[in-house]
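> Sequence isn't available, so here's the structure alone:
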């Protein structure tokens, strides 16, 4: 059966107090609208229709390259029924239309699949929740047999209807053929002067269609975001779920409330006996092998860290690949293109960019390694830098196996330091160093008779 998904994403979101369209504000590092669209794709939707309005150019630009989206423009904000009508001409003539909201980001795929399964030519489905305080929500009105007869918006409800605790989430699945009939018949004769999508419920009843309701596993799936506080509330709920998933896979999370996962794509993949301390952020696609330890206040982004490696506190790793048994930090930074081979060490206040640190090699203290290839069992002394940039172009430094670089040395690329060579501390190396040689390039030390000035 053909499945069309219509996502309403035209609202201004004025209460967010932002120049960014509301549906582009993130939950777990991903725009709210992206969460909704990914969920819609998971139920094998044939076509995705996104109704945009405020900030439409920014919304479209954020999803440039998503070829499965058809855009519809709602210039005037005349209500949810009017918004769906903007996509009506692009819907199939039959099948199911699933209606979602770009600011209700955490709806789950199993909920949507269950809604779709309830739809037939003689039945539509509606997602509802029970609320202790239903203020502001449309109430689900049922007859004496418990059948849904209509939805009454809060501002149009009488005293008896206001006492109803079951409310409309706005999420529904409708026979598309029926939707083509009902939307043109909507009226704006109500307190808001808008075209309510909820009026199709009464139309369905009048047409002899049954309205079947479903409640989600978690009420938070249906929560919308209208302000920063609601955004933060959903962020925390979603983070708790993501962290719980990691713990069910055997990860030790020392403080579940202080781990943030801002994942996309394949997300976070973990081996056995991984330990993660407090205030860690895992962002993008992250792979943590068996026995990896991530200490407090570290950020791991789009990186792979193999078995037995330790990332010490306050380290920042981005677009890097770390092999087995490596030791990183504290206060280390691995920038894009950093590769650490087995047993390599990058210590405190060191930065590595677009470089290979070979097996067993050590970059221990206060060092910058950029655009370099470092072989096996190399020792890089404290304060060493590879001078890889002349102000216009980048150049490469090659340090071969077994080299010892003394502290406070500068290697001016392009340069090669041969196997088992030694560079004396404080040297500025501008020429290649042959294998097994000692290179010293520094001013000669002298001692002079000298009278220290005194204060007058």
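On my side now, so go ahead. These numbers come from a predicted model, not from an experiment.

> When you work out contacts or count neighbours from here on, use the C-alpha atoms and nothing else.
Fine.

> Run through the residues that contact the residue lying closest to residue 254 once chain neighbours are set aside.
Once flanking residues are discounted, residue 254 sits nearest to residue 277: 5.1 Å by C-alpha to C-alpha, 6 or more residues apart in numbering. Residue 277 makes contacts with 253, 254, 255, 259, 294, 295, 296, 297, as judged by C-alpha atoms under 8 Å, 6 or more residues apart in numbering.

> what are the ranges of the strands in the stretch 351-456 of the chain?
351-353, 356-357, 362-365, 368-370, 372-374, 379-380, 385-387, 397-399, 404-405, 410-412, 415-417, 422-423, 428-429, 438-439 (DSSP state E, counting those that start in this stretch).

> all helices of the stretch 151-300 of the chain, in order?
159-162, 176-182, 199-206, 228-248 (DSSP state H, counting those that start in this stretch).

> buried sites along the last one?
For helix 228-248, burial by neighbour count (16 or more other C-alpha atoms under 10 Å) applies to 231, 234, 235, 236, 238, 239, 240, 242, 243, 246.

> contacting residues for the last one?
Read it as residue 246. residue 270.

> Residue 286 versus that one, what's the distance?
Using C-alpha to C-alpha, to the nearest Å, residue 246 is found at 12 Å from residue 286.

> sorry, back to before: go through the strands of the stretch 351-456 of the chain and name the closest to residue 46.
Relative to residue 46, the nearest member of the strands of the stretch 351-456 of the chain by C-alpha to C-alpha is strand 351-353, separated by 43.4 Å.

> Show me which parts of the closest one are buried, residue by residue.
So strand 351-353, judged by 16+ other C-alpha under 10 Å, has buried residues 351, 352, 353.

> now for that strand, which elements pack on it?
The contact analysis (3 or more C-alpha pairs under 8 Å, 6 or more residues apart in numbering; DSSP states H and E) places strand 351-353 against strand 333-334, strand 368-370.

> and those, which is most packed in?
Across the helices and strands packed on strand 351-353, averaging neighbours per residue (mean count of other C-alpha atoms under 10 Å) puts strand 333-334 on top, at a mean of 26.

> Now do residue 132 against residue 90, distance only.
39 Å.

> let me fix that: residue 27
Separation of residue 27 from residue 90 (C-alpha to C-alpha) stands at 29 Å.

> swap in residue 319?
41 Å.

> Which one's more surrounded, those two?
residue 319 (20 against 15; other C-alpha atoms under 10 Å).

> Can you tell me how far the residue lying closest to residue 190 once chain neighbours are set aside is from residue 136?
With sequence-adjacent residues excluded and distances taken as C-alpha to C-alpha, 6+ apart, residue 190 is closest to residue 156, at 7.2 Å. Distance of residue 156 to residue 136, computed by C-alpha to C-alpha: 11 Å.

> go on, residue 162?
Distance of residue 162 to residue 136, given as C-alpha to C-alpha: 10 Å.

> shared neighbours, these two?
Joint contacts of residue 162 and residue 136 (C-alpha under 8 Å, 6+ apart) are residue 154.

> More neighbours: those two, which one.
The neighbour comparison of residue 162 against residue 136 (other C-alpha under 10 Å) goes to residue 162, with 19 against 11.

> which ones are touching the more buried one?
139, 154.

> can you pull the pLDDT of the residue nearest to residue 254?
Looking at residue 277, its pLDDT is 98.

> repeat for residue 77
87.

> what about it, which SS state?
coil (DSSP: H, G, I helix; E, B strand; the rest coil).

> dump the residue contacts of it.
Counted by C-alpha under 8 Å, 6+ apart, residue 77 has contacts 10, 11, 53, 83.
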